[in-house]
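Undergrad: generate a structure from the sequence data that follows.
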Amino acid sequence: MPDTDIICARCGKPARIQAENGKVCITCWRELRAEKRELKTQDNLNRCFPYKTAKKLTDREEQIINEVMEDLKKKKTKGL
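TA: Prediction:
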């Protein structure tokens with residue numbers, strides 16, 4: 001493949017690349033690759049630990065708990 005002169009789509013600097021359909025310079029390509037790798041790793045961790053991201057209560061349960069806590073606050077402030 002011949003070297004190709006392009007303008008990097010990410011940083012806007014001129015670059016010489018050897019990829020056929022390349023649109024970014026080597027520096028930006030490395031940064032994008034690291035970012036994608038980090039996102040993939042985080043996504044895999046989230047799949048492994050669904051209890052961290054999953055809601056433990058339903059919306060109705062949350063509403064009931066909030067109402068009870070507000071009632072307790074009101075009673076506590078009236079008692080003081």
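
Undergrad: worst mean pLDDT across the helices and strands of the chain, which element?
TA: When each helix and strand of the chain is scored by mean pLDDT, DSSP states H and E, helix 50-53 comes last, with a mean of 60.

Undergrad: show me the contacts for the spatially most central residue of the chain.
TA: Centroid-nearest residue in the chain, with CA atoms, centre = their mean: residue 39, separated by 6.8 Å. Not one residue lies near residue 39 by CB atoms under 8 Å, 6 or more residues apart in numbering. C-beta coordinates here come from the backbone N, C-alpha and C atoms, glycine included.

Undergrad: name the element it belongs to?
TA: Element membership for residue 39 (DSSP states H and E) is helix 26-48.

Undergrad: list the buried ones in that helix?
TA: 28-29 (16 or more other CB atoms under 10 Å).

Undergrad: ok, now stretch 58-76?
TA: Result for stretch 58-76 [16+ other CB under 10 Å]: no buried residues.

Undergrad: low-confidence ranges in the protein?
TA: Applying pLDDT under 70 to the chain picks out residues 1-2, 4, 50-54, 79-80.

Undergrad: just to revisit the earlier point, heading C-terminal from the least confident helix or strand of the chain, find the next helix or strand.
TA: The helix or strand immediately downstream of helix 50-53 is helix 59-79, counting by DSSP H and E.

Undergrad: how far does that following helix sit from its chain's centre?
TA: Mean-position distance between helix 59-79 and its chain equals 34 Å (CA atoms, centre = their mean, to the nearest Å).

Undergrad: who are the packing partners of that helix?
TA: Applying 3 or more CB pairs under 8 Å, 6 or more residues apart in numbering; DSSP states H and E, we find helix 59-79 packed against no helix or strand.
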